[in-house]
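Q: the amino acid sequence is not available; the structure is as follows:
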């Protein structure tokens, strides 16, 4: 069994409980034609304590342009399932060495109708961290974001999505983390017992530039280019 730090144990215990680990209460099974992808939720211990690896996608990308995200992407035929895809994409996007990463859990697939993607989160421990930097083609920034910053109530808010619904968001590492990534982080913080009370009445609209990119990505996903 992979040795992990004590602070990570409560999260692993929680995700092993199928009901408690349900990321989204109303998850719907993805249709067979959905695009399958995987993301690497990579926890490590950096200079500022326990952290998680996030990227910011380049603004010119066709999908999720300009959005903070977990490293990840589509599952290719040559991948060893979601685990292989998550590690391969993380290597391509950040340059990390997959040999220093231990996969701990593969969470249930999540269906995201707006993008037409079925996404599998892969939880992992960065046993032997290596230098990371953005891939010039797809990634604008890479950041190891301390868990303490994600849990800090001052960094938390809700963002009103283009659909009109509001969801959790984080202002960390010079990024506004929202959407799917923020939703997963919000749930994992709660499951691990890292969440601290925060002001859920703080609701802001998505900034205009991010809204423009989000709407463009949605049009591309729907085939309306």
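A: Great, that's in hand. What you see is a predicted model, and the numbers here were worked out from it, not measured in a lab.

Q: now the strands for the protein?
A: 35-46, 49-57, 68-69, 72-74, 101-106, 110-112, 117-126, 139-146, 156-160, 166-172, 175-177, 203-205 (DSSP state E).

Q: give me the mean pLDDT for the third one.
A: Confidence over strand 68-69 (mean pLDDT, whole number) is 94.

Q: so, low pLDDT: which residues of the protein?
A: Along the chain, segments meeting pLDDT under 70 span 1-2, 21, 23-28, 59-65, 213-225.

Q: winner for burial among the strands of the chain?
A: Stretch with highest mean neighbour count among the strands of the chain: strand 68-69 (a mean of 24; mean count of other C-beta atoms under 10 Å). In this view, the C-beta of every residue, glycine as well, is placed from N, C-alpha and C.

Q: for the nearest residue to residue 149 once chain neighbours are set aside, give the beta-bridge partners.
A: Using C-beta to C-beta, 6 or more residues apart in numbering and skipping residues adjacent in sequence, the residue nearest residue 149 is residue 172, 4.8 Å away. Beta-bridge partners for residue 172, by DSSP bridges, are residue 175.

Q: residue contacts, residue 172?
A: For residue 172, the contact set (C-beta atoms under 8 Å, 6 or more residues apart in numbering) comprises 143, 145, 149, 150, 155.

Q: wait, isn't residue 75 in contact with residue 39?
A: No: using C-beta atoms under 8 Å, residue 75 makes no contact with residue 39, being 10.9 Å away.

Q: what's the overlap in contacts for these two?
A: Counting by C-beta under 8 Å, 6+ apart, the residues touching both residue 75 and residue 39 are residue 120.

Q: and residue 72, what is it in contact with?
A: 37, 38, 39, 40, 85, 86, 89, 90, 119, 122.

Q: go again using 10 Å as the cut-off
A: Applying C-beta atoms under 10 Å, 6 or more residues apart in numbering to residue 72 gives the contacts 37-41, 55, 82, 85-90, 93, 119-122, 181.

Q: picking that back up, for residue 44, see how far away the residue nearest to residue 149 is.
A: Residue 172 is 15 Å from residue 44, where distance means C-beta to C-beta, to the nearest Å.

Q: repeat that for residue 126.
A: 3 Å.

Q: before we move on, the earlier item: would you convert the strands of the chain into JSON lines that also reports distance to residue 5?
A: Output for the strands of the chain, formatted as JSON lines (distance: least, C-beta to C-beta, whole Å):
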{"stretch": "strand 35-46", "distance to residue 5": "7"}
{"stretch": "strand 49-57", "distance to residue 5": "7"}
{"stretch": "strand 68-69", "distance to residue 5": "25"}
{"stretch": "strand 72-74", "distance to residue 5": "23"}
{"stretch": "strand 101-106", "distance to residue 5": "12"}
{"stretch": "strand 110-112", "distance to residue 5": "26"}
{"stretch": "strand 117-126", "distance to residue 5": "8"}
{"stretch": "strand 139-146", "distance to residue 5": "14"}
{"stretch": "strand 156-160", "distance to residue 5": "24"}
{"stretch": "strand 166-172", "distance to residue 5": "21"}
{"stretch": "strand 175-177", "distance to residue 5": "23"}
{"stretch": "strand 203-205", "distance to residue 5": "34"}
